[in-house]
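Novice: pasting the structure only:
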Ligand SMILES: NC(=O)c1ccc[n+]([C@@H]2O[C@H](COP(=O)([O-])OP(=O)(O)OC[C@H]3O[C@@H](n4cnc5c(N)ncnc54)[C@H](OP(=O)(O)O)[C@@H]3O)[C@@H](O)[C@H]2O)c1
């Protein structure tokens with residue numbers, strides 16, 4: 001005799017994971033309740049800033065970890081995106097300055113990476129928090145934000161207070177969030193040592209230790225955290241700020257002068273010049289003043305130890321030692337030594 005079957009389904013959130021539960025009643029004899037293993041739905045990860053260097057590197061890493069149809073990019077200009085739609089990655093227009101565009105760009109998102117914008121101040125903070133709120137509004141279970149190892153509100157490095165303020169505003173939204181406390185991009189050292197091997201002198205303002213970290217390693221670490229628990233990927237969940245995501249060692253420009261000498265075989269002398277002198281040298285040589293002032297703030301913050309923190313977390317996430325500053329310098333100087 002055919003039995004009557006009654007299926008009852010339920011969906012819910014557990015932390016930032018979405019689950020589906022189906023219970024089937026069979027009344028042919030005794031009631032039988034079948035509870036299939038908890039299954040996770042297809043997840044959607046949305047990456048913003050995917051036309052930039054960091055966001056595009058995160059996308060490349062994620063394509064090795066999750067199916068392309070679980071990946072979406074939100075960009076200001078979809079025409080700038082190359083090679084993703086043909087692989088099945090969703091491309092949508094999303095501008096942090098246009099919240100309506102984010103509702104469409106983040107549709108169906110379970111996790112959203114809010115990549116910090118390439119500008120400073122209250123407008124940037126408002127754009128970051130508006131993007132995080134849009135992610136929460138579409139029902140995302142977790143928002144990731146690219147902060148910095150230095151988020152001190154009183155830091156002379158202008159980006160640091162913006163990151164600190166952004167973290168505070170994201171925390172107020174109420175959505176689970178992870179702030180990637182990224183180390184200082186190591187390739188930036190290339191701009192600061194420019195010309196030193198020709199002149200034999202590294203003339204810079206007084207500094208302090210910085211744990212210069214490869215952007216590609218940071219992107220690989222971000223991808224591990226974004227994909228954790230999806231498609232068989234392992235990884236930790238950090239609620240709020242991560243530990244500093246850095247190389248294991250912080251160095252000064254004294255150390256860097258020594259390393260350049262060792263790598264190139266040319267003696268490089270580190271000299272200290274005054275902040276104003278350095279600023280004038282930079283603007284006289286064509287650097288835009290806001291960029292020069294931002295970098296001067298880096299030296300001033302480094303003196304306070306704002307970038308001196310190091311932590312093994314990044315190496316543990318990516319399963320290898322992050323690229324050392326020596327290897328970065330060798331690459332910047334065009335030598336394999
Ligand atoms: N950890 C560090 O040492 C360090 C150093 C430098 C910068 N950063 C921060 O890290 C971020 C990512 O680094 P990156 O090297 O990838 O920078 P990047 O190459 O300049 O990329 C910045 C990205 O932000 C996007 N963007 C800017 N304004 C936006 C808006 N209103 N709405 C949506 N997207 C917007 C840009 O889109 P478009 O292509 O449309 O312009 C671009 O994709 C930077 O933006 C900066 O906040 C960190």
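Specialist: It's in. The structure displayed is predicted, hence computed values, not measured ones.
Novice: what about the stretch 151-300 of the chain, any weak spots by pLDDT?
Specialist: Low-confidence segments of the stretch 151-300 of the chain (pLDDT under 70): none present.
Novice: residues from it in reach of the ligand?
Specialist: With the criterion set to CB under 6 Å from any ligand atom, the stretch 151-300 of the chain comes near the ligand through 182, 184, 185, 215. C-betas here are computed from N, CA, C, even on glycine.
Novice: and if we set it to 5 Å?
Specialist: Contact residues, the stretch 151-300 of the chain versus the ligand (CB under 5 Å from any ligand atom): 182, 184, 185.
Novice: Can I get the buried part of these as one ChimeraX selection?
Specialist: Applied in ChimeraX, the following selects the buried portion of those according to 16 or more other CB atoms under 10 Å:
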select :182,184,185
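Novice: which non-adjacent residue is nearest the closest residue to the ligand within the chain?
Specialist: Closest approach between the chain and the ligand, counting by CB to the nearest ligand atom: residue 52, at 2.1 Å. When the adjacent residues along the chain are set aside, residue 52 lies closest to residue 115, with 6.5 Å between them (CB to CB, 6 or more residues apart in numbering).
Novice: of the residues of the stretch 151-300 of the chain next to the ligand, closest to residue 275?
Specialist: Proximity of those to residue 275 (CB to CB) peaks at residue 184, which lies at 18.8 Å.
Novice: quick one: contacts for the closest one?
Specialist: Residue 184 is in contact with 148, 149, 210, 211, 212, 213, 298, 307, counting by CB atoms under 8 Å, 6 or more residues apart in numbering.
Novice: redo that, cut-off 7 Å
Specialist: 210, 211, 212, 213, 307 (CB atoms under 7 Å, 6 or more residues apart in numbering).
Novice: Now rank the residues you listed by neighbours and give me the top one.
Specialist: Among these, the one with the most neighbours (other CB atoms under 10 Å) is residue 210, at 31 neighbours.
Novice: So which residue is smack in the middle of the protein?
Specialist: Per CA atoms, centre = their mean, the C-alpha nearest to the average position across the chain is that of residue 146, at 3.8 Å.
Novice: that's a helix at that one, yeah?
Specialist: No - read with DSSP: H, G, I helix; E, B strand; the rest coil, residue 146 is strand and lies in no helix.
Novice: Who is it paired with across the strands?
Specialist: Judged by DSSP bridges, the bridge partners of residue 146 are residue 180.
Novice: Could I get the pLDDT score of it?
Specialist: On pLDDT, residue 146 comes in at 98.
Novice: Now for the nearest residue to residue 248 once chain neighbours are set aside, how many residues are close by?
Specialist: Distances taken as CB to CB, 6+ apart place residue 310 nearest to residue 248, at 5.4 Å, with adjacent residues excluded. Other residues lying near residue 310 total 19 when counted by other CB under 10 Å.
Novice: Repeat that for the one 5 residues further on.
Specialist: Here the number of neighbours of residue 315 (other CB under 10 Å) works out to 17.
Novice: How about the one 3 residues further on?
Specialist: Residue 318: 20 surrounding residues under other CB under 10 Å.
Novice: just checking, it touches residue 218?
Specialist: No - Residue 318 sits out of contact with residue 218 when judged by CB atoms under 7 Å, with a separation of 9.1 Å.
Novice: Could you list the domains of the protein?
Specialist: Split into domains by automatic domain parsing, the chain comes to 5-40, 45-249+306-332.
Novice: Tell me where this protein has helices.
Specialist: With helices called from DSSP state H, the chain shows them at 53-62, 99-105, 122-137, 159-173, 189-192, 196-199, 215-227, 253-264, 275-284, 289-303, 313-318, 325-332.
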